[in-house]
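K.L.:
Predicted model follows, preceded by the sequence.
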Amino acid sequence: KAGVTQTPRYLIKTRGQQVTLSCSPISGHRSVSWYQQTPGQGLQFLFEYFSETQRNKGNFPGRFSGRQFSNSRSEMNVSTLELGDSALYLCASSSFRGTGELFFGEGSRLTVL
Amino acid sequence: QKEVEQNSGPLSVPEGAIASLNCTYSDRGSQSFFWYRQYSGKSPELIMSIYSNGDKEDGRFTAQLNKASQYVSLLIRDSQPSDSATYLCAVPAFPGGGADGLTFGKGTHLIIQP
């Protein structure tokens, strides 16, 4: 069974640009959540999608958005990039929403110059 | 806002000894608790979950929960060099559970010395 797949794995952007990251969950998993990981702040929850609807959102500005498609694949978008957005963005999926048993992808490492 | 506190370490433990990792949480209403392990350059993976006061054992790992003290710990017996990693404690971010958002501590960096 394939794991959670995230693309791209690495990307470099400049301030003011926008970026879209993609996540394909484990087959059969309908819940997808996104996290930002930085050395200073650790792993922080961004948002969660289930059945194409955003269910919860963490404490991030509106520049961070996402969506989920009918096949459970998800994308997140960050607009007007800032230097502080440089981070590892991790996507996680779960088979049963609310269990806390998350399967993480390898992440997309974003560098903002 | 829910907070999860962990000692960042590094915590250095000799091979074969017991490694003890600790975590405190701020929300007394938290009902479920998770330990994730993250190797350097890799993504986190779930190793233990615990929901009731007391101990839960899984192989060399034991999770301990004390809700009155708002304290959860992870014991690793017979520590191996392969246990060297960062261990992340997490609780559900939203009241009542039912969601996949987790609040993570910043993690404890564990080093097992051969």
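P.N.:
Received the coordinates, thanks.
K.L.:
count of neighbours near the residue nearest to residue B:66 when sequence neighbours are not counted?
P.N.:
Nearest non-adjacent residue to residue B:66, counting by CB to CB, 6 or more residues apart in numbering or on different chains: residue B:53, 6.4 Å away. Yep, even glycine has a C-beta here, placed from its N, CA and C like the rest. Applying other CB atoms under 10 Å in any protein chain shown, we find 11 residues neighbouring residue B:53.
K.L.:
Off-centre distance for stretch A:61-79?
P.N.:
Between the centre of stretch A:61-79 and the centre of its chain there are 7 Å (CA atoms, centre = their mean, to the nearest Å).
K.L.:
Quick one: residues in contact with that stretch.
P.N.:
Taking contacts as CB atoms under 8 Å, 6 or more residues apart in numbering or on different chains, the residues outside stretch A:61-79 that touch it are A:18-25, A:29-30, A:32, A:34, A:46-47, A:49-54, A:80, A:85, A:89, A:91, A:93, A:110.
K.L.:
right, and residue B:56 touches residue B:72 too?
P.N.:
No - if you go by CB atoms under 8 Å, residue B:56 and residue B:72 don't touch, sitting 10.4 Å apart.
K.L.:
near chain B, which residues of chain A show up?
P.N.:
A:31, A:33, A:35, A:41-45, A:47-48, A:50, A:55-56, A:58-59, A:90, A:92, A:94, A:97-107 (CB under 8 Å from any CB of the partner chain).
K.L.:
Just these: which are in helices?
P.N.:
Per DSSP state H, helices hold no members of these.
K.L.:
mind checking which helix or strand the nearest residue to residue B:44 once chain neighbours are set aside is in?
P.N.:
Nearest non-adjacent residue to residue B:44, counting by CB to CB, 6+ apart: residue B:36, 4.0 Å away. Counting by DSSP states H and E, the element that carries residue B:36 is strand B:33-38.
K.L.:
give me the low-pLDDT residue ranges for the chain?
P.N.:
Using chain A here. A:1 (pLDDT under 70).
K.L.:
oops, I was thinking of chain B
P.N.:
Across chain B, the ranges flagged by pLDDT under 70 are B:1, B:96-97.
K.L.:
Near chain A, which residues of it? Just list them.
P.N.:
Residues of chain B lying near chain A (CB under 8 Å from any CB): B:1, B:32, B:34, B:42-46, B:49, B:88, B:90, B:92-94, B:97-107.
K.L.:
what's residue A:53 in contact with, if anything?
P.N.:
With contacts defined as CB under 8 Å, 6+ apart, residue A:53 is in contact with residue A:68.
K.L.:
And the strands in chain B?
P.N.:
Under the criterion DSSP state E, chain B contains strands at B:4-6, B:11-14, B:19-25, B:33-38, B:45-50, B:54-58, B:61-66, B:71-76, B:85-92, B:102-104, B:108-113.
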